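Asker: For reference, the sequence and a predicted model appear below.
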Amino acid sequence: MNTFQDLGLQDNLLQAINDLGFTKPSEVQDKAIPILLNSETDLVALAQTGTGKTAAFGFPMLQKINMDSRTTQGLILSPTRELCLQITNEMKLYGKYCKGLNVVAIYGGASITEQAREVKRGAQIIVATPGRMKDMISRRLVDISKIEYSVLDEADEMLNMGFYEDITSILSHTPDDKSTWLFSATMPKEVAAIAKKFMYDPEEITVGQKNVGSKNVSHEYYLVNSRDRYQALKRLADANPDIFSVVFCRTKRDTQKVAEQLIEDGYNAGALHGDLSQNQRDLVMKSFRNKQIQMLVATDVAARGIDVDDITHVINYQLPDEIETYTHRSGRTGRAGKTGVSMVIVSKSEVRKIKSIERIIKKQFVKKDIPDGTMICEIQLMSLANKVHNTEINHEIDKHLISINELFEDTSKDELIKKFFSVEFTRFYNYYQKARNLNVSDNGRDESSSSSTRYFINVGRKDGYDWMSLKDFLREVLELGKDDVFKVETKDSFSFFNTEPEHQQKVLDFFTDFKYNGRYVNVEISENRSRNRKRDGRRGGGKRDDKRSDKHSGSRRNSSKRSNKKVKRSNSGNFGASRPRRSRR
Ligand code: ADP
Ligand code: MG
């Protein structure tokens, strides 16, 4: 592998590279920089996001333009304002030892006159979004007739966003003999068409496999019922206390809704979508960069500009309509040599999409389970313990130490630790204690009671039972051991209970004609029966049972929802399920 020096870069640029801490060129830089420095050629470079494309065109451009002239010589077009600002920023850093360099950003949503003024002061390089650029050209606020180098960055994204006309129009104002450098992650036919139209015999380089995501990203999917999507999202967040993530939704409405819900539940979340004002979007991005926002909920279009390096997780709250978009999403993590995880929450009907994505990214997904409450509690507890362990002591506390010590005089260290952690932990524990299993098995049923048999019985509270007395009654009449009847739930006129499958026959036999208080007691297998029928392919008669078991599990769901709600509120401001707003700093 070459060093930056080997590539032929000048000292003032090497010095900046050194300051930036880049030790060796990335692959796209290694390939593109010598070509661009040593010849006046057009170039098509295909490389994924996060591979260092900005420097691949930035350094050659800086080396080739004339800093003594104030004429605009380089034009970089990029799809979003975010990217535009980022590239401008990077170019300034790369060129910090280039005397007289002036890089100006041109983008919508900010004062056009101010931007025109900056250009007028003499900008050798303009970094622009197509829309605003076109606008400024038509108002004669910029002159790009002497451009020598033009860059189309993220060309596929720009075309995706419908900038074809604008790009064509802009380039028609540039000289024919300029060089055009096109950078893109993918090469759909629209990009090929642009290349054909505007480029002359371009050199071509491809980094890694075309269209394939970063090798630093692992892909996971979680199969849940659609209605559990949000709960699943929360658990994924709670199971990763240091998460710093982008959560992708399909629509602006869902984006806003999920973000609001997360905020209400005490997470450090924010929304990013096209219905927000520029100002609002700037604020959200600023908080995200500062890591005050740990979960940025975004639409695909709005997230195009996100170029933050240490994103740990990309969460596909919903899969994109176009499966190709998945590559862009997952490319937001695993950048700059770090590893990342791209998680997908899917319902059963979407599983086949996973297969199509695997073909595109040429990588396998790992099917994972949404962590259960116990696991999350353990993770959160250890995370809290580590946080306490690593916390710097605030010596303001010293002066209160005597009275605090007095209070804990008779408390052992172990006991103190337990009490201390319980302050934060108990409410969290309570929240998750009754948490359902959200995972759906491949045959589409809740797995929570998969191994035992669940029964429906037509006696309930009206008959004077509570779960304990019903359990005692069942054990007694069935002559079963202490733990053989479990998960007893009493409703008004009916109840549920479980046994191991080995007792099933005994239970059913016993209740075939059992009378109690002059009434036949009816026991039927609840959820398992419909599951077995499905598997057997004998769907016909199962319908009624299906319906009933759905209704039953529905009422359970509601009650757990209620209790979640209650805890949710009292929990606000705690760790995990609801984290303090400024926890990351
Ligand atoms: P791309 O445009 O391909 O998505 P960027 O140009 O935005 O990628 O670079 C991604 C990140 O990698 C940036 O933070 C950049 O500073 C960093 N980077 C670029 N080149 C190198 C290098 N040679 N060594 C280390 N980090 C680099
Ligand atoms: Mg880039």
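Answerer: The structure has been received and is ready for your questions. Residues are numbered from 1 along each chain as shown. Ligands and ions are numbered 1, 2, ... in the order given.

Asker: For this protein, what lies in contact range of ligand 1?
Answerer: Applying CB under 6 Å from any ligand atom, we find that the chain lies next to ligand 1 at 22, 25-26, 29, 47, 49-55, 307, 309, 335-336. Placement of C-beta: from N, CA and C, glycine included.

Asker: If we use 5 Å, what do you get?
Answerer: Residues of the chain found near ligand 1, taking CB under 5 Å from any ligand atom as the criterion, are 22, 26, 49, 50, 51, 52, 53, 54, 55, 309, 336.

Asker: count of neighbours near the second one?
Answerer: What it means is residue 26. By the criterion of other CB atoms under 10 Å, residue 26 has 20 neighbours.

Asker: In space, what's closest to it - neighbours in sequence excluded?
Answerer: Distances taken as CB to CB, 6 or more residues apart in numbering put residue 52 closest to residue 26, at 3.7 Å, once the chain neighbours are dropped.

Asker: and the gap between the closest residue to ligand 1 within the stretch 401-550 of the chain and residue 140?
Answerer: Nearest to ligand 1 in the stretch 401-550 of the chain, going by CB to the nearest ligand atom, is residue 438, at a distance of 34.4 Å. To residue 140, residue 438 is 59 Å away according to CB to CB, to the nearest Å.

Asker: List only those of the residues of the chain next to ligand 1 flagged as buried.
Answerer: Taking 16 or more other CB atoms under 10 Å as the criterion, what is buried in the residues of the chain next to ligand 1 is 22, 26, 49, 50, 51, 52, 53, 54, 55.

Asker: OK, contacts around the last one?
Answerer: This points to residue 55. Contacts for residue 55 (CB atoms under 8 Å, 6 or more residues apart in numbering) come out as 22, 26, 29, 90, 94.

Asker: The fifth one now?
Answerer: With contacts defined as CB under 8 Å, 6+ apart, the neighbours of residue 51 are 26, 27, 28, 207, 208.

Asker: Could you rank the residues you listed by neighbour count and give me the top one?
Answerer: Counting by other CB under 10 Å, top hit in the contacts of residue 51: residue 28 with 24 neighbours.

Asker: State the pLDDT value of residue 88.
Answerer: We have a pLDDT of 97 for residue 88.

Asker: How about the contacts made by it?
Answerer: Counting by CB under 8 Å, 6+ apart, residue 88 has contacts 103, 104, 105, 127.

Asker: Can you pick out the residue with more neighbours from residue 438 and residue 140?
Answerer: Using other CB under 10 Å as the criterion, residue 438 and residue 140 rank with residue 438 on top: 23 against 8.

Asker: Hmm, the more buried one is touching residue 231, no?
Answerer: Yes - contact criterion CB atoms under 8 Å: residue 438 and residue 231 qualify, at 5.9 Å.

Asker: and for the two, which residues touch both?
Answerer: In contact with both residue 438 and residue 231: residue 224, using CB under 8 Å, 6+ apart.

Asker: Go through stretch 457-473 and flag the buried ones.
Answerer: 457, 458, 459, 460, 463, 465, 470, 471, 473.

Asker: quick one: the strands in the stretch 401-550 of the chain?
Answerer: Secondary structure of the stretch 401-550 of the chain by DSSP state E, counting those that start in this stretch: the strands cover 453-457, 486-490, 495-499, 514-516, 519-521, 523-525.

Asker: Dump the ones you listed to JSON lines, plus mean pLDDT.
Answerer: Formatted as JSON lines, those follow (pLDDT from 0 to 100):
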{"stretch": "strand 453-457", "mean pLDDT": "90"}
{"stretch": "strand 486-490", "mean pLDDT": "87"}
{"stretch": "strand 495-499", "mean pLDDT": "91"}
{"stretch": "strand 514-516", "mean pLDDT": "81"}
{"stretch": "strand 519-521", "mean pLDDT": "85"}
{"stretch": "strand 523-525", "mean pLDDT": "89"}
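
Asker: Could you tell me how many residues sit around residue 303?
Answerer: 22.

Asker: Beta-bridge partners for the nearest residue to it once chain neighbours are set aside, please?
Answerer: Using CB to CB, 6+ apart and skipping the chain neighbours, the partner closest in space to residue 303 is residue 246 (6.0 Å). Beta-bridge partners recorded for residue 246 (DSSP bridges): residue 296, residue 314.

Asker: any idea of the pLDDT on residue 246?
Answerer: Residue 246 carries a pLDDT value of 96.

Asker: who's in contact with it?
Answerer: Applying CB under 8 Å, 6+ apart, the residues contacting residue 246 are 296, 297, 298, 303, 306, 311, 313, 314, 315, 329, 332, 333.

Asker: for residue 306, same thing?
Answerer: Residue 306 touches 82, 246, 272, 285, 288, 296, 298, 332, counting by CB under 8 Å, 6+ apart.

Asker: Ramachandran coordinates for the last one?
Answerer: Taking degrees, to the nearest 10, you get phi -70, psi -20 for the backbone angles of residue 332.

Asker: what sits against it?
Answerer: Counting by CB under 8 Å, 6+ apart, residue 332 touches 49, 246, 303, 306, 308, 311, 314, 340.

Asker: these two touch, right, the third one and residue 329?
Answerer: So that's residue 303. Yes - with contacts counted by CB under 8 Å, residue 303 reaches residue 329, the gap being 7.5 Å.

Asker: list the residues that contact both of the two?
Answerer: With CB under 8 Å, 6+ apart as the test, residue 303 and residue 329 both reach 246, 248.

Asker: any weak-confidence spans in the stretch 51-200 of the chain?
Answerer: Along the stretch 51-200 of the chain, segments meeting pLDDT under 70 are nowhere present.

Asker: Next one: residue 339, what pLDDT does it get?
Answerer: pLDDT at residue 339 comes out at 81.

Asker: Identify the residue nearest it in space, chain neighbours excluded?
Answerer: Closest residue in space to residue 339, ignoring its immediate chain neighbours: residue 216 at 4.8 Å, by CB to CB, 6+ apart.

Asker: So, low pLDDT: which residues of the stretch 251-400 of the chain?
Answerer: For the stretch 251-400 of the chain, the stretches with pLDDT under 70 are 305, 336-337.

Asker: for it, what spans make up the helices?
Answerer: Remark: helices assigned in the stretch 251-400 of the chain by DSSP state H, counting those that start in this stretch are 252-264, 278-289, 300-303, 325-330, 351-361, 373-390.

Asker: most packed of these?
Answerer: helix 325-330 (a mean of 23; mean count of other CB atoms under 10 Å).

Asker: returning to what we had before: restricted to strands, list the contacts of residue 88.
Answerer: If you go by DSSP state E, the contacts of residue 88 have 103, 104, 105, 127 in strands.

Asker: and of the buried residues of stretch 457-473, the nearest to residue 355?
Answerer: Checking the buried residues of stretch 457-473 against residue 355 by CB to CB gives residue 457 as the nearest, at 42.6 Å.
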